[in-house]
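K.L.:
Here's my sequence, what's the structure:
(chains A, B and C)
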Amino acid sequence: MATTTHDERMKGQGAGGPSGDTKRQGSRSLGDVSVNTAAHFVLIVWSVIVVVPFVWALLASVKTTDEIFTEPWSLPGEAQWSNFESAWNWEDGFGQYLLNTIIVVSGGVVLTMLLGSMVAYVLARYTFPGNRVVFYLFAAGMMFPVFLAIVPLFFVVDRLGMLSTYHGLILVYVAYSLPFTVFFMHAFFRTLPTSVAEAALIDGASHSGVFFRVMMPMAKPGLLSIGIFNVLGQWNQFVLPQFLSPDRPMLAQAIASLLSNQRYRADWGTVFGFLTLAMIPVIVVYLIFYRQIQSGLTSGTLK
Amino acid sequence: MQHGKYRFIAGFLAVPLGLYSVFVIWPFLQTFFYSFTNWTGLSPEFEYVGFQNFELLWDDTVFRHALRNNIVLLIGLPVLTVFIALLFAFLLNVGGSGAGVRSIRGHGSYKLAFFLPQVLSVPVIALVWLAIFRSTPDGLANSALGAFGLGPYGWLADPAMALYCLLWVLIWGSVGFYLVLFNAAISSVPRDLFEAAFIDGAGRASTFFRVTMPLLWDTIQTSWVYLAILALDGYALVLIMTIGPGNPDSSTQVMALQIAQAGFENGKAGYASAMGVVMFLLTLVVAATLLRLTRRERIEY
Amino acid sequence: MNAPRPMPRRIFLRRAGLSALAVSGTVPLLANCASGGDEGDDEVSGGGEEQTEENPFGVSPSDPLSVVIFNGGYGEEYAKFHESIYQEEFPDATINHQAITDIRQKMQPKFASSEPPDVLDNAGAEQMPISTLADNGQLTDLTQLWEADALGFEGMTVQDTLHPIAIEAAEYAGKPYVMNYALQVYGIWYDQMLFDEKGWQPAQTWSEFQDLCETIKSAGIAPMAHQGKYPYYIQQVLMDMAVKHGGPEVVYAIDSLADGAWQHDSIRMAAEALLWIKDNGYMLEGTEGLDHIQSQTEWNKGEAAFIPSGSWLENEQAAVVAEVNPDFKTTVAPTPLLDGAVLPFESTRVEAAEAFIVPADAANQVGGLEYVRIMLSKDGARKFTELTSAPTVVNGAADGLDASPGLASSLALIESGGDDNWNYYYTIWYSPMRPKIETVVGELAAGRITADEFCDRCQDIADQTAADPTTQQRTRT
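P.N.:
The predicted structure is shown next:
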């Protein structure tokens, strides 16, 4: 399947090259049409590759276990709506998992964005001794797998009395999301023009005033991108809560437990019911962010 | 003024650095320390064993397989994902018909669709592709190819294919996010630049390579680093999808799986820590090389 | 075997002690060397009541008891029954029952923070490394439980009622630390209904098996399927044929990490036998990529005649059988004998599994011991078999029970094999070896390596394990 799209891609590009280079006068519209068709073709192929598995997962949530495995590509004989019921009531209940996750992720993301931007801004815009050291300290954090630190981390959190607490998990999420957020926002702040900030400083604004009132609004597109990234990352975070919040489980932990159960008692209908329920909040968040990205970016380009 | 600046810098850095030190740096430093012990991870007892763990690691053939596979992913995942995502972003923004530079029709719906894999959690992605790659002749991929007289293939059961199946699934799951990222970046490039390139007679392809790529360089570089990190993990996917897991014939072993097996299944946390240290040093070298190679002048517009 | 190198005193002492691992409950020689003094306190927590005949460990009646059950193939119902007996005995005790499948993820933090449950059923794919826990002194010595009166068996101690394999499997450094509850019988499983209908018989010798494969294949059925995603299953066939051919010394050498253990002729012959099945197209096509549920479902549907597994299989597939083939009669057969085999056909690998432990750090250790004694009572064990169709390690507890076809054939095999039934321990003693050997087995079963390559690669893994100074080497004779 990989090779198919690869070929498709090459085709799309090949059609674009010569038509633009050699016959740009007169025949452009004809070239344009073929480019446009090829572009649509490539994009549609990819859409199908992406949408089919998604639909498959949705359909599986109303099938029986046997149907999922023996007839994976057919419609359910009879829609098993009870899958959602058993998923909703699984162990602590979907609602409880969802609440735990929403509290931790919203707290975690807001704090990550704030603290991450602060660090990134200072590192990107101010020269001071140790700037590089701090930057590389954060960058290094991206290169170490989380689960390796998990046992020492467990004892740290335990000693602080923060096991299975919302605030404990939020602080840990923030700490582990900082490296990439800093790295990303650092690059972003460096692309922003310096003139506006300089003008504001000359006008007598304070450093933090410039950051909050001038730079943050300018950085909105970057903040949105990294924001989605953090929401998804923290939403799907599995290793950290598994160890640090055993008594207050997040959605990802519930999914892991549910999957682990399948080795012994196959009830895949409930699994896909649960996974479908778990998708909904992510879709909602994406739709909200998606609109904001569009408006944020168009207002940026119109200027 | 200078005094105020330093106070501001210190004020902004204090809290994040504090959090980061307590929850990230300190545990990782302990990991470095544990790599020189025979700690089991199950009790507080351990003894100092010098470089023993690293000597053992040197002879560990499975770990070497894992290292090699991670390197394949490390190269394949960023190159292909960035390329595909960039291409799609470009097609979406300037692939429209008509004179000049236009977004393609249906721009919004494509983007919405392409983002879907991000909505699916890793277990769903793994399970769906597992069903597609089923090794019996009635699997989806096999029955589809069977219609053309090809196969049946072993997919994940074939040591020559298994890693590339994983690579494909990783790419499939990543393109959407980077597309959105690049799309945001392309949209913030003033349209006049594309128009100017067209008027200068550049074709779409050369516009892509000469105008788009350099302007997005910072974003690409960031994506590259993140995809490299993703390539170094791959734990959940390997665990759910592959035979063994990590098989056939260690062809899908990855370092994360090795570390998890040593550290948690086998009670060899000291050894697992040594693997982590090696992984860290390796990543450091790769990242430093990448950053140096890809360093370019900043482009302002 | 190890190059002499300085090693910490404690490890040295431990290793010296471990070489004396006793088989079948004989008196260990060097037992005391192993617990070099710092293996945790010998004091047992909880209790404090007077030790009486009814209450041999002195359980304090109001102390709470926490029980964590592995909610796998055997479910959790049997544990609720045991808890109800405990509750009758100590009406004031609060019992905290938890049934989970991901033991390691949920329990490792508890162990790390010294808050483990009083009884833990450490089983399943995500179990904790039990030999490490035992070596670390994190488990309660079960000697006093072994010596206590057995419930429901007049005049016998608990130890007297246990199957020898359970006693063997319990011991680390000469002391019992683990109560493995279920007796698991391995073999190749088939549908008695199908075989009766076709007039087939499980083969006793290798040449009979070769003929049978041809007959089955010509009937349009694949002679053998296996759970290719987990090579552990097909490995059972290989090991059983090898041990039955060469005798128990074959497996003692493997468990002792002896030189050339995997290059034994019996292993090579068994590997060649497995290759023969694959190379002649007698394996279900694509079975190498199927997981246990997928392959076992194919087998239930009659796509394949034999599948390797253990005695949990009937219970595991019950729902599938009801859906796809209600007449299915799950039955176990021993593997066929290779030419020159020294063990009888009717013997097989029998494993004591479902490792129940009482953590050393548990708040109510004596309550834990009493709970395990209840599990091993005649009623407790009988109820387990009744609910799960699986035999326990308690001798005679299932006598006279109405047995399902699978259970009846498992019990018959335990009986017929007797002292010739055998077991291996290297996967528990040297847990890092397990996945590495399975990788090589997977290659063999897919027909990608020769029998010689198989033996050599396995031997390399064993040699590396032996050379690893962190390995706690143990010996069996």
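K.L.:
burial of residue B:242, as a residue count?
P.N.:
By the criterion of other Cβ atoms under 10 Å in any protein chain shown, residue B:242 has 27 neighbours. C-betas here are computed from N, CA, C, even on glycine.
K.L.:
Can you tell me the closest non-neighbouring residue to it?
P.N.:
Using Cβ to Cβ, 6 or more residues apart in numbering or on different chains and skipping the chain neighbours, the partner closest in space to residue B:242 is residue B:252 (4.2 Å).
K.L.:
Just say helix, strand or coil for the one you found.
P.N.:
Assigned by DSSP: H, G, I helix; E, B strand; the rest coil, the conformation of residue B:252 is coil.
K.L.:
same deal with residue C:97?
P.N.:
Going by three-state DSSP, the secondary structure assigned to residue C:97 is strand.
K.L.:
residue contacts, it?
P.N.:
With contacts defined as Cβ atoms under 8 Å, 6 or more residues apart in numbering or on different chains, residue C:97 is in contact with C:67, C:69, C:76, C:79, C:80, C:83.
K.L.:
now do 7 Å
P.N.:
Residues counted as contacts of residue C:97 (Cβ atoms under 7 Å, 6 or more residues apart in numbering or on different chains) are C:67, C:79, C:80, C:83.
K.L.:
Quick check: it vs residue B:85, distance?
P.N.:
Noted for residue C:97: a distance of 50 Å to residue B:85, by Cβ to Cβ, to the nearest Å.
K.L.:
My impression was that residue C:190 belongs to a strand - is that right?
P.N.:
Yes. Judged by three-state DSSP, residue C:190 forms part of a strand.
K.L.:
For residue A:264, give me phi and psi.
P.N.:
Backbone torsions for residue A:264, taken as degrees, to the nearest 10, come to phi -110, psi -30.
K.L.:
How about the residues of the stretch 151-300 of chain C by chain B?
P.N.:
With Cβ under 7 Å from any Cβ of the partner chain as the criterion, the stretch 151-300 of chain C meets chain B at residues C:228, C:229, C:285, C:286, C:288, C:289, C:290.
K.L.:
Which pair of the residues you listed spans the longest distance?
P.N.:
Greatest spacing in these, by Cβ to Cβ: C:229 and C:285 (15.3 Å).
K.L.:
These two: which is more packed in?
P.N.:
Shown here are residue C:229 and residue C:285; by other Cβ under 10 Å, residue C:229 has more neighbours (28 against 14).
K.L.:
ok, back up a step: how close does the residue nearest to residue B:242 sit to residue B:218?
P.N.:
Note on residue B:252: its distance to residue B:218, by Cβ to Cβ, is 33 Å.
K.L.:
More neighbours: these two, which one.
P.N.:
Neighbour count, other Cβ under 10 Å: between residue B:252 and residue B:218, residue B:252 has more, with 28 against 19.
K.L.:
Contact partners for that one?
P.N.:
With Cβ under 7 Å, 6+ apart, residue B:252 has these contacts: B:69, B:162, B:163, B:166, B:238, B:242, B:246.
K.L.:
From the residues you listed, which land in helices?
P.N.:
Secondary structure from DSSP state H places B:69, B:162, B:163, B:166, B:238 of the contacts of residue B:252 in helices.
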